[in-house]
Each structure stands twice: as C-alpha cells, then as structure tokens.
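S.K.: This is a predicted model, with the sequence first.
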Amino acid sequence: MMSIFSKTLSTVRGTAPRVSFFTPLSTYRQASSSRPFASKNATPPTLEHLAIEQRGNVFNLQLNRPKLLNAVTGDTWRELKIAFDYLHQTPACRVIVVTGNGRAFCAGLDLKSGAEFFMGVTQDESLDIARKASEIRAFLKVAQGAYSSIEACRKPVIAAVHGYALGAATSLITAADIRYATSDSILSIKEVDIAIAADVGVLQRIQKLVGNDSLTRELVLTARNFTGAEAKEYGLVSRTFPDKESLYDAAFLLADQIAAKSPVAVQGSKLALNYSRDHSVADSLEWMANWNISMLQSEDLIKAVMAASSKGGDPPKFNDF
Ligand SMILES: CC/C=C\C=C\CC(=O)SCCNC(=O)CCNC(=O)[C@H](O)C(C)(C)COP(=O)(O)OP(=O)(O)OC[C@H]1O[C@@H](n2cnc3c(N)ncnc32)[C@H](O)[C@@H]1OP(=O)(O)O
C-alpha cells in the first residue's frame, strides 16, 4: 500500500499530467469565461486535512486532524500550499487566521507517516543513494514550499496558537505575519529531539523575527518546551491570552481591523516588509517606488484621504483587491 508520503511524492515526481509551458491559442479561444485569469473565478480547493471558513473578508484556515492533534503529513503540506495559493488570489480574502481544530494547534510532524516515508525510501534496495536523496529532497521541497506559500501570500496571516505547537508547527508560525498564543500553550523547536536539524523553515526565519540569538540557540539545541508566556518574552509571539476563547476573540478582532483597511495598502505593506527584510535599503526603496507608481493611483487613496479629512464621517469602504 502507498503511504501518504509516497502518494505526495509520486504526484510531485511524475504521475501528475504534464503541463505545457505554452498554452495553445485554441485553448484561449475556447475558454468559457472571457476573463479566464480573473482571480475571482478561482475554484475553492477540496481539502481533507484543512478546513477553510469565510467570515466576511476574514478567512479562517483550520488545521483539521483533531484526533491526531493536527499532526502534519505530506498531504497536509500539499494542501497548505494549495490553500494559501488559492487565498492569495481570492479578492474577498483580506486576512487569514490560522488555527488548530481541537485541543492543540499542531503536534508537529506526523511521526507515523514520517517514519513510513523515511523507512520506505532508505530501505528501498532498488534505489541507489542518489535516487534516495532525490526522493527525500522532493519531499522536503514540498514541505518547505507549503510554508513559503504562507509568506508569499499577499494577505496577512495571523497564527493563533493554543495547546501544542511543536516542531513543524513552530516552523509554520514563523512564516506567519503575526503570532498570538495562549499563555499556557506549549511550543518547541523539537526537531533535534528526533535527530533532525530542522529543515522546513524555523532555522531560516526565526532569527529574522526575534533578536535573542542566545535563547534561539538554547531552544533549538535543547529542543525544550517553552510556554506561550515565554514565547512572548522571547518576542516570537506578540500577545498572549488566558484561554483559547479570548485568543480567538482577539485574533479575529485584529483580523477584522486589518480587513477594514485599504487592501491595496495592507497587501503592499506585507510584500514591502518581506522584500525589505531580504534586500538592501536601496534595493527596497527602488522596489517600493516601482510598486507605488501604480498603487498610489488606486481609488483607495482618494477614499481614505477624503475620509481622513472629513471629521466624524463614516469610515471608508474599500473594494476587494
Ligand atoms: C522532514 C521532516 C520535516 C519536518 C519535521 C518536523 C519535525 C517535528 O515536527 S518534531 C515534533 C514531532 N512531534 C512530536 O514529537 C510530538 C509527539 N506527540 C506527543 O508528544 C504527545 O502527543 C503530546 C503532543 C505531548 C500530547 O500528549 P497527550 O495530550 O497525552 O495526547 P496523546 O494521547 O499523546 O495524543 C493524542 C493522539 O494524537 C496522536 N499524536 C500526537 N502527536 C502526534 C504526532 N506528532 N504524530 C502522529 N500522531 C500524533 C497520538 O498518537 C494520539 O493518537 P491515538 O490514536 O489516540 O493514540
């Protein structure tokens, strides 16, 4: 029987239909919509490990394997990329809140399916070392790509952590824009405990998020648990809450506040922060000028300036973007 991981890999590595880089002209002529690339025409994805719920302009993406504390498999990662790519191009979606269904945010890698995958590859006598390595690399790139799609998504992503956020879950939240947690939640950069140098994003992102290198190294090298309260002191989460209910109230209130702002300004700001984090000030200013030569011509600017200059009027309402 094929494991979940093998299924993911076979999809990634060749059983998926080949897509030509150049679509024949006849396809455009036969397209049912005259605007086949309009993002509002995107079809919602069918998901098994995740659930997406729309609340106005805020979308709740739930990790949804509660019986296994939302432990992640290759399929979860594949679905995360599909979900974030879809939300990225859905105009009605202005902010995403990521939560975990049940009593934990996420218990990290699904150890059973992870072990099945690695044993399956490493013990496959038909594969030489190069081919085993290639298969493991393909798997890692799927996992990394899932979290990179959170960062690449132009809609702000808020992670709301309760219960556990271990290993692969800590990597997930470091790709989010804003992190809230319950004070008693248990986090861990757990990979060293299962003899892995973490490879799906936490080591690459965490030092861009928090300035305490000594504590980062302590947490990575010992893999010890730390609470939401300690995560706040560390700087990994910005606010903590006594329980899941108050956490969710605050996360969705924050999401609503951001969703009411100009989506042109909000999404441009996220992309600019990401770009500036990884480039020089000079390059980032150049990027910003190029971005805003079009975005400053948006109707949002006129609406916002008019609202700001008319005292006591209604707050501006912006169209989806
Ligand atoms: C290439 C690799 C890429 C990424 C690698 C990432 C590495 C990591 O993510 S490291 C972290 C891995 N996770 C763990 O080590 C956590 C394992 N789980 C636990 O230690 C405990 O479950 C707990 C989180 C401390 C919670 O304990 P408890 O409250 O007692 O609940 P349980 O009864 O143990 O769990 C309920 C249910 O969920 C199943 N489960 C929990 N975690 C996982 C998991 N990580 N993988 C698979 N299944 C998990 C657990 O087996 C129970 O299922 P039952 O069917 O009821 O037995």
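M.R.: Here it is on my side, so go on.
S.K.: Okay, the residue in the stretch 151-300 of the chain that the ligand sits nearest to and Leu111: tell me how far apart.
M.R.: Per C-beta to the nearest ligand atom, Gly167 is where the stretch 151-300 of the chain lies closest to the ligand, at 2.1 Å. Backbone N, C-alpha and C define where each C-beta goes, glycine included. Distance, Gly167 to Leu111, by C-beta to C-beta, to the nearest Å: 9 Å.
S.K.: still on that earlier bit, could you tell me how many residues sit around the residue of the stretch 151-300 of the chain closest to the ligand?
M.R.: Gly167 has 29 neighbouring residues, counting by other C-beta atoms under 10 Å.
S.K.: Same question for the one 3 residues further on.
M.R.: Counted with other C-beta under 10 Å, the burial measure for Thr170 works out to 29 neighbours.
S.K.: tell me the SS of it?
M.R.: When classified by DSSP: H, G, I helix; E, B strand; the rest coil, Thr170 comes out as helix.
S.K.: Span of stretch 291-305 from start to end?
M.R.: Terminal residues of stretch 291-305 lie 20 Å apart, using C-alpha to C-alpha, to the nearest Å.
S.K.: start at 23 instead
M.R.: Happy to do that; since the first residue is 23 now, the last one works out to stretch 313-327.
S.K.: Report the buried residues of that stretch.
M.R.: Buried residues in stretch 313-327, counted by 16 or more other C-beta atoms under 10 Å: 314, 317, 320, 322, 325-326.
S.K.: looking only at pLDDT, what's the mean for that stretch?
M.R.: The predicted model gives stretch 313-327 an average pLDDT of 97.
S.K.: so how far is that stretch off the chain centroid?
M.R.: Chain-centre distance of stretch 313-327: 27 Å, with C-alpha atoms, centre = their mean, to the nearest Å.
S.K.: Stretch 229-243 too?
M.R.: 21 Å.
S.K.: likewise stretch 171-179?
M.R.: Counting by C-alpha atoms, centre = their mean, stretch 171-179 comes out at 6 Å from the chain centroid.
S.K.: Can I get it in PDB, CA atoms only?
M.R.: Output in PDB follows, covering the C-alpha atoms of stretch 171-179 (Å, rounded to 0.1, in the frame of the first residue of the first chain):
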ATOM      1  CA  SER A 171       3.400  29.900   0.400                       C
ATOM      2  CA  ILE A 172       2.300  31.500   3.700                       C
ATOM      3  CA  GLU A 173       5.000  34.100   3.300                       C
ATOM      4  CA  ALA A 174       4.300  34.600  -0.400                       C
ATOM      5  CA  CYS A 175       0.600  35.000   0.200                       C
ATOM      6  CA  ARG A 176      -0.100  38.700  -0.100                       C
ATOM      7  CA  LYS A 177      -2.900  38.600   2.500                       C
ATOM      8  CA  PRO A 178      -1.700  39.000   6.100                       C
ATOM      9  CA  VAL A 179      -1.600  35.700   8.100                       C
END
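S.K.: shared neighbours, Gly189 and Leu133?
M.R.: Applying C-beta atoms under 8 Å, 6 or more residues apart in numbering, one finds that Gly189 and Leu133 are jointly contacted by Ile216.
S.K.: quick one on the thing from earlier: show me the contacts for the closest residue to the residue of the stretch 173-322 of the chain closest to the ligand other than its chain neighbours.
M.R.: Using C-beta to C-beta, 6 or more residues apart in numbering and skipping residues adjacent in sequence, the residue nearest Gly189 is Gly130, 3.1 Å away. If you count contacts by C-beta under 8 Å, 6+ apart, Gly130 has them with 93-94, 186, 188-192, 212.
S.K.: quick revisit: touching, the residue of the stretch 173-322 of the chain closest to the ligand and Ile208? I think so.
M.R.: No. Gly189 is beyond contact range of Ile208, at 11.7 Å (criterion: C-beta atoms under 8 Å).
S.K.: pLDDT wise, what is the residue of the stretch 173-322 of the chain closest to the ligand at?
M.R.: For Gly189, the predicted pLDDT is 98.
S.K.: Over to the one 3 residues further on?
M.R.: Thr192 carries a pLDDT value of 98.
S.K.: who's in contact with the residue of the stretch 173-322 of the chain closest to the ligand?
M.R.: Here Gly189 is in contact with 130-131, 210-213, 216, 220 (C-beta under 8 Å, 6+ apart).
S.K.: cool, Lys339 as well?
M.R.: Lys325.
S.K.: And it, its phi and psi?
M.R.: Backbone torsions for Lys339, taken as degrees, to the nearest 10, come to phi -110, psi 130.
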